[in-house]
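Asks: Fold the following for me, if possible:
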Amino acid sequence: MIRSFVAIPMPDHAADRLERLQEGLPMARAVPRENLHLTLAFLDGQPEAVLRALSDFLAELAAPAFGLRLAGVTVLGRKEQGALAVAVDGGEALRGLQARVARRAEMAGIDLERRRFRPHVTILRLPKRVDSAEQAKIQAWIDRKAGFEPIGIQVDRFALFRSVLTKHGAIHDVLCEYPLTPAEN
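Replies: Predicted structure coming up:
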């Protein structure tokens, strides 16, 4: 079984800015630069044959390139054991791409978790236990960082990733990339 997901990788200029946002909260663990992404579909553990079928379906997906905006900080899970992320606004183009990816995952026989799509890029993982003083520091960090200047991204591809869990965190590898159709000017 291969733990995997489909996502939009972050381009260098966005990763630079996201790395700077990660600063200032020593109790949290920064998501490594190479792991910064916007998940379109978490696939969990899948047999290699299923991922090959999915890859074929994804290669046939025709969708235009589009822009999105990273703005604002959001909490995933609970502050006591969650993560901090940057919210993403990609409008109908992003929602449409996510829905098409989900349909192709289902065509490949993958049962996706049923949850509302909340586009985000996770930037910090919080410790399992947080006391009230640390909760106050987390809230102060959120208040300081929430108004950062939005980051614009042009999305021209998405990818199928493998995720290997280690005691030091996940290692993500791109298995295959899928280009989007260039936007017409």
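
Asks: Now the longest helix along the chain: buried residues?
Replies: The residue-count maximum for a helix in the chain (DSSP state H) belongs to helix 91-107. Neighbour-count burial for helix 91-107, counted by 16 or more other CB atoms under 10 Å, picks out 93, 94, 97, 98, 100, 101, 102, 104, 105. Backbone N, C-alpha and C define where each C-beta goes, glycine included.

Asks: Likewise for stretch 30-43?
Replies: So, applying 16+ other CB under 10 Å, buried residues of stretch 30-43: 30, 31, 35, 36, 37, 38, 39, 40, 41, 42, 43.

Asks: Same check on stretch 72-89?
Replies: So, applying 16+ other CB under 10 Å, buried residues of stretch 72-89: 72, 73, 74, 79, 82, 83, 84, 85, 86, 87, 88.

Asks: so what's the third one up against?
Replies: Translated: residue 74. 84, 85, 86, 87, 118, 120 (CB atoms under 8 Å, 6 or more residues apart in numbering).

Asks: Now go through the residues you listed and say which are in strands.
Replies: 84, 85, 86, 87, 120 (DSSP state E).

Asks: Look up how far residue 100 lies from the last one.
Replies: Taking CB to CB, to the nearest Å as the criterion, residue 120 is separated from residue 100 by 19 Å.

Asks: mind listing what the closest residue to residue 62 other than its chain neighbours touches?
Replies: For residue 62, ignoring the flanking residues on the chain, the nearest one in space by CB to CB, 6 or more residues apart in numbering is residue 181 at 6.3 Å. Neighbouring residues of residue 181 by CB under 8 Å, 6+ apart: 62, 63, 64, 65.

Asks: Put the buried members of those residues into a PyMOL selection.
Replies: Selecting just the buried residues from the contacts of residue 181 in PyMOL takes one command, with 16+ other CB under 10 Å as the test:
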select buried, resi 63
